[in-house]
Each structure stands twice: as C-alpha cells, then as structure tokens.
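Undergrad: Return a 3D structure for these sequence lines:
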Amino acid sequence: MIYFISDQHLGLGERTADKQRERDLLQFLSLAKPHCERLFVLGDLFDYWFEYETVVPKYHVRTLAALADYADSGIAVDYLMGNHDFGHQTFFEEELGITIHKGDLALALHNKRFYLAHGDGKAFNDTGYLILRSILRHPLALWAWKWLHPDVGVGIAARASRKSRAYTSEKQFGNERNGLEAFAEEKIKEGCDFVLMGHLHKPVEKRFEHKTGSGLYINTGDWLSHRTYAEFDGTTLSLRRLDDFLQR
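TA: Have a look, this model is predicted:
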C-alpha cells in the first residue's frame, strides 16, 4: 500500500491538542507500517519548520523517530515541502534518510502516472504569493535567517505561520479550489492517471474525463478538521478517513 498524507500542522495551537494530533499520527504510522510500500508527505506536516546547522525544532521528536524508522526499515519516505514547512535544509535527508522535494513531483507507481504537489501557488491570479515564496525560499534569505538565534528564528517562523493562516482564512476559497482543480485537470489531459495535492484543508475526490482518457484528482484534506488521507493499493486510489483507519 502507498499512503499520501498532508497538512497535519504539528506545532499549531495549544500544546495539548497538538500532542493529541501527534499521537494520532504516530498511531497511523504504526498501523500502516506493516502494509506500507512507500509514504508520501504532501507538505505542511509541521506548522513551521526551520533548521540550523546544528539545531532543529525540539518538539515532535517522536514523529521524527517514527519517520526515520520507516526509512531504516526500507520504506521510502518522500516529503514535499509545503507553504508552512519550507525551511528544510539537510537534516531530513542526512539524518533521517527521507527525501525532500522542493517542488512538484511527477513519477510512475505500478505503471500509473502520478503528479504530486502541495498545492500552494496554484490558485488563479496568485502571482503575489509566488513572488513572496520565491523571496522567502531564496538561498540568500535562508542564509540570512541562519544568523538569527534559533529561538528568535523559529519564533518568527511560528508567528509568520499564524499570520499566513489568518490571511488564508479570510480569503474566498473558490478561486483557490478551482485553481487546483483546473491544474489537476490539465495534468490529467497531459496523460496523468492520478493527481494528488493538499493545502486546501478540504478533501476532494473528482474524476476528469477527456478524449485522451480519464484521471482522478484527490486533495488529501487535513488532520485539523477533516482527518483524511489517500491510499493506493497498486490499482485503485482512494480518499480515506483517519478515524476509520484507526478503528480497523
């Protein structure tokens, strides 16, 4: 089984609720591991992430250990950076054995063509965000950030994450949702069998039919409200509920 998760936003909000969200993730990873061929994290696993040469955020070490255990067991873990957790450098790859992808990912799995993305920047008329993202992720900006004391740098990242969420919550999601669906439809027109994204915090499962064939778009939703994820059994891609999985 291949699993796709996104938008757990570990580190968000009150610590008690955050710990419970992490416990749910750890239970999921434990139950899924015996059947897991590969795990894809489609961004925003953390509500904020920034690492220094010798320092990483101290919380959620159990999640880091669980993901490292996957990699040590020979289960490939691919992590696509989201709009909240883009401060990855070398820690995940060198210490945990997890592959970090800074952009979208196109690949074949069991002879099916997949296109994977976090989904940010794909809303209609989202030029302003794309410019801001290119600035924040520029190597010079990341280098300058490293000169801040870790308590200051991580604190700024946490506050920026909260402001980003406040801005997003005030937006009308129609353009963003339709932008992601239009993007997915275009990839399916190009021959993809499956397109998966996160970012919206709203699970979506929609099939597109074209003369050249058909394909399925799934948005994996989030674990803040909807608690959803996707799984692929080698033939069928399905959107699932975390609560159903944990009760198996």
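
Undergrad: Gly198: what's it in contact with?
TA: Gly198 makes contact with Ser6, Asp7, Leu42, Gly43, Asp44, Gly82, His118, Gly119, Asn219, Thr220, Gly221, Asp222, according to CB atoms under 8 Å, 6 or more residues apart in numbering. From N, CA and C alone the C-beta is placed, and that goes for glycine too.

Undergrad: For it, give its distance to Gly74.
TA: Gly198 sits at a distance of 26 Å from Gly74 (criterion: CB to CB, to the nearest Å).

Undergrad: and if you look at Ile98?
TA: 13 Å.

Undergrad: tell me the centre residue of this protein?
TA: Gly43 (1.8 Å; CA atoms, centre = their mean).

Undergrad: Phe28 looks like it's in a helix, true?
TA: Yes: Phe28 sits within a helix when classified using DSSP: H, G, I helix; E, B strand; the rest coil.

Undergrad: Give me the mean pLDDT for the helix or strand where Ala17 lies.
TA: Assigned by DSSP states H and E, Ala17 falls within helix 15-32. The average pLDDT for helix 15-32 rounds to 96.

Undergrad: Packing partners of it?
TA: Helices and strands touching helix 15-32, by 3 or more CB pairs under 8 Å, 6 or more residues apart in numbering; DSSP states H and E, are helix 61-72, helix 242-246.

Undergrad: could you redo the last one with a cut-off of 6 Å?
TA: For helix 15-32, the packing partners by 3 or more CB pairs under 6 Å, 6 or more residues apart in numbering; DSSP states H and E come out as helix 61-72.
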